[in-house]
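[1] just the structure for this:
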Amino acid sequence: MKYYLIGLLSLLFSGIFSQEQVHQNGEDGHHIFLKPNDSTCLKDCFLGAHWEARSRTFFMNTINEGALKDDYALASGAGIGVLTKPVYGFQIGISGFFIYNLYSTKIEILDSLTGNQNRYELGLFDIQNPKNRKDLDRLEELYLKYNFSKSAIVFGKMNINTPFLNPQDGRMRPTLEEGVWLNINESKKIGFNGGWFWKISPRSTVEWFSIANSIGVYPSGVNLDGTKSEYDGQISTTGMAISNIYFAPTKKIKFSVWNAMLENVMNTAMIEINTNQTLNENLKLYQGLIYLHQDAINNGGNVDQKKTYINKGAQSNVISAQFGFKTKKINTSVNYTHITGDGRYLMPREWGKEPFYTFLPRERNEGLGDVNAFMIKSSINAFHDKFKTGIGYGYYSLPDVKNYRLNKYGLPSYHQINYDASYTFSRFLRGLEMKILVAYKLKQGETYNNLKYVYNKVNMINLNFVLDFKI
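    Below is the predicted model of the structure:
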């Protein structure tokens, strides 16, 4: 795979397929190609293909309290992607990436005081093989796309962004999916997205897993009685169906309804309403409201409830709200999320980050119930949007760490402060972007003098420095 990517890079830089690139950036910097002009010539399909090459260098350092293990890692990698010009509406997309561990602490060694595994730096590489420092390559996209009018259908390995399957917050590479995805976008006011997925390649891995076997690749927490969850490799499901209908009667309001049915395991339904008001040419107000309901299906994936993902009869309910204002340079919002005490909100962490407005990078509230989360954040754009910086503060009131029914991963209540900044270079360094993220988490809840509830969870600082280069 690695040599295949190097060969593609050589072709790109040789100028054989030199064409104007048409793309936009998605989350995690992953490319999303825009629809080019159609072609009826097979030769033009390849000669006029759109190429994108990129590299990423990522330094991460986590500092824990006291004698708990600190770690750091420097990762670097590169990849290439290509999308052919359409032939009678059909296109082929392919991309891949390889990564090297340039230098790091021994991130594969468990913390001596808690016996727990590294949580952050290991995610830059392959969590299934922590000692692997150089053979980290992955075929990321390989799909066939058919364009019709303003709509399209995609079949194969792809990168989508939904509330349930998404690239996740930053590491070296995003989470990817294999399946079929339909996007109907014929009207500006109403549209539909939907599909069926049978494979996942989670962030921080290099393999492709069936939907069933992808559940449990990451640490799985505890069962409702506090015993270790044993659902890794034990879930029975054929795949996941996702559907979305959105309706925007005016430019000031949008309704979006999502449903995710994980066959034989659970169903998750979500409705989101977004509104905005323009007060003057420099000030706009915006609001958002999410309601989510989740139910187990059958036995939650396994008849043996110690090996199931969600217990039979379990349910959860979530409300998340947002109010904000923005000008041409400033964007500020106040956010709140409540997960009721009916049960844990569950969605495999291997598949993406949570969709709630109170999310801050480097922590999640998945696996929890009876949560009250408050978060405020503000960002500033300067120098013609070349420099962006922001700060966020959140307080997360969670169930006691020994309340296993509502606290899957033993996370105590905490405060979190994030600072991030990015700068996009121009002229000689055009295509280069520099990013930093500092996340500080402070313990609020009781940990019973047990450091397993502290290590890489609270009373810690996580530092990130990233260089992205795209051509």
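
[2] right, and residue 327 touches residue 282 too?
    Yes. In this structure residue 327 lies within contact range of residue 282 using Cβ atoms under 8 Å: 5.1 Å. C-beta: built from backbone N, CA, C; applies to glycine.

[3] tell me the contacts of the residue nearest to the spatial centre of the chain?
    Most central in the chain under Cα atoms, centre = their mean is residue 168, positioned 1.0 Å from the mean C-alpha point. Residue 168 makes contact with 28, 174, 175, 203, 352, 353 under the criterion Cβ atoms under 8 Å, 6 or more residues apart in numbering.

[4] and what about the fourth one, helix, strand or coil?
    At residue 203, secondary structure determined by DSSP: H, G, I helix; E, B strand; the rest coil is coil.

[5] identify the residues contacting it.
    Going by Cβ under 8 Å, 6+ apart, residue 203 touches 123, 167, 168, 171, 173, 174, 175, 350.

[6] what's the spacing between the fourth one and residue 408?
    By that I understand residue 171. Relative to residue 408, residue 171 is positioned 22 Å away (Cβ to Cβ, to the nearest Å).

[7] kindly report the same for the fifth one.
    Plainly put, residue 173 is 26 Å away from residue 408 if you go by Cβ to Cβ.

[8] check the third one too.
    Between residue 168 and residue 408 the distance, using Cβ to Cβ, works out to 18 Å.

[9] give the residue spans of the protein that score low on pLDDT.
    Applying pLDDT under 70 to the chain flags residues 1-42.

[10] does the spatially closest residue to residue 87 that is not a sequence neighbour count as helix, strand or coil?
    Take residue 87 and drop its neighbours on the chain: the residue closest to it by Cβ to Cβ, 6 or more residues apart in numbering is residue 45, 4.8 Å away. What three-state DSSP gives for residue 45 is helix.

[11] residue 45 and residue 89 touch, don't they?
    No. The criterion here is Cβ under 8 Å, and residue 45 misses it with residue 89 at 11.4 Å.

[12] can you pick out the residue with more neighbours from these two?
    Neighbours were counted for residue 45 and for residue 89 using other Cβ atoms under 10 Å; residue 45 has more, 19 against 14.

[13] need the contact list for that one.
    Residue 45 is in contact with 39, 84, 85, 86, 87, counting by Cβ under 8 Å, 6+ apart.

[14] hmm, 10 Å instead?
    Residue 45 is in contact with 38, 39, 84, 85, 86, 87, 88, 90, 91, 92, counting by Cβ atoms under 10 Å, 6 or more residues apart in numbering.

[15] any chance of a PyMOL selection covering the buried ones in those residues?
    To isolate the buried members of the contacts of residue 45 in PyMOL, using 16 or more other Cβ atoms under 10 Å:
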select buried, resi 39+84+85+86+87+91+92
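
[16] turn the contacts of residue 45 into JSON lines, including distance to residue 345 and secondary structure.
    Listed next are these as JSON lines, based on distance: Cβ to Cβ, whole Å; DSSP: H, G, I helix; E, B strand; the rest coil:
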{"residue": "38", "distance to residue 345": "44", "secondary structure": "coil"}
{"residue": "39", "distance to residue 345": "47", "secondary structure": "strand"}
{"residue": "84", "distance to residue 345": "41", "secondary structure": "coil"}
{"residue": "85", "distance to residue 345": "43", "secondary structure": "coil"}
{"residue": "86", "distance to residue 345": "41", "secondary structure": "coil"}
{"residue": "87", "distance to residue 345": "45", "secondary structure": "strand"}
{"residue": "88", "distance to residue 345": "45", "secondary structure": "coil"}
{"residue": "90", "distance to residue 345": "40", "secondary structure": "strand"}
{"residue": "91", "distance to residue 345": "37", "secondary structure": "strand"}
{"residue": "92", "distance to residue 345": "38", "secondary structure": "strand"}
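
[17] next, format the contacts of residue 45 as a markdown table and append distance to residue 198.
    Below are these laid out as a markdown table (distance: Cβ to Cβ, whole Å):
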| residue | distance to residue 198 |
| --- | --- |
| 38 | 30 |
| 39 | 31 |
| 84 | 25 |
| 85 | 29 |
| 86 | 26 |
| 87 | 27 |
| 88 | 27 |
| 90 | 22 |
| 91 | 22 |
| 92 | 20 |
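
[18] which members of the contacts of residue 45 are the farthest-apart pair?
    The most widely separated members of the contacts of residue 45, counting by Cβ to Cβ, are 38 and 92 (14.2 Å).

[19] now the helices for the stretch 101-250 of the chain?
    In the stretch 101-250 of the chain, the segments counted as helices under DSSP state H, counting those that start in this stretch are 211-214.

[20] circling back: and residue 173 and residue 408? Which one has more around it.
    Taking neighbours as other Cβ under 10 Å, residue 173 and residue 408 compare with residue 173 leading, 28 against 20.

[21] how near is the nearest residue to the more buried one once chain neighbours are set aside to residue 56?
    Leaving aside its sequence neighbours, residue 173 sits nearest to residue 97 (Cβ to Cβ, 6+ apart; 5.4 Å). Distance, residue 97 to residue 56, by Cβ to Cβ: 8 Å.

[22] identify the contacts common to those two.
    Taking Cβ under 10 Å, 6+ apart as the criterion, residue 97 and residue 56 both touch 77, 78, 79, 172, 173.

[23] the last one: what's it in contact with?
    So the one you mean is residue 173. 28-30, 56, 77, 79, 96-99, 124, 136, 138, 140, 159, 167, 201, 203-206.

[24] what's across from the residue nearest to residue 173 in the sheet?
    Beta-bridge partners for residue 97, by DSSP bridges, are residue 79, residue 138.

[25] skip the chain neighbours and tell me the closest residue to residue 461.
    Nearest non-adjacent residue to residue 461, counting by Cβ to Cβ, 6+ apart: residue 63, 4.7 Å away.

[26] for the one you found, what are its contacts?
    Counted by Cβ under 10 Å, 6+ apart, residue 63 has contacts 70, 71, 72, 440, 459, 460, 461, 462, 463.

[27] hmm, residue 79 and residue 55 touching each other?
    Yes. Using Cβ atoms under 10 Å, residue 55 is in contact with residue 79, at 7.8 Å.

[28] strands of the stretch 101-250 of the chain, start to end?
    Along the stretch 101-250 of the chain, counting by DSSP state E, counting those that start in this stretch, strands occupy 136-148, 151-158, 176-184, 190-201, 209-210, 240-250.

[29] correction: the previous question concerned the stretch 251-400 of the chain.
    Using DSSP E, counting those that start in this stretch, strands in the stretch 251-400 of the chain cover 253-262, 266-280, 283-296, 315-326, 330-339, 371-382, 387-397.

[30] distance of residue 364 from residue 355?
    For residue 364 relative to residue 355 (Cβ to Cβ), the value is 11 Å.

[31] spit out the residues that contact the two alike.
    Shared contacts of residue 364 and residue 355, defined by Cβ under 10 Å, 6+ apart, are found at residue 347.

[32] if you skip the residues just before and after it, what's nearest to residue 235?
    Nearest residue to residue 235, sequence neighbours excluded (Cβ to Cβ, 6+ apart): residue 301, at 3.9 Å.

[33] which ones are touching that neighbour?
    Contacts of residue 301 (Cβ under 10 Å, 6+ apart): 212, 215, 231, 234-237, 262-266, 307-312.
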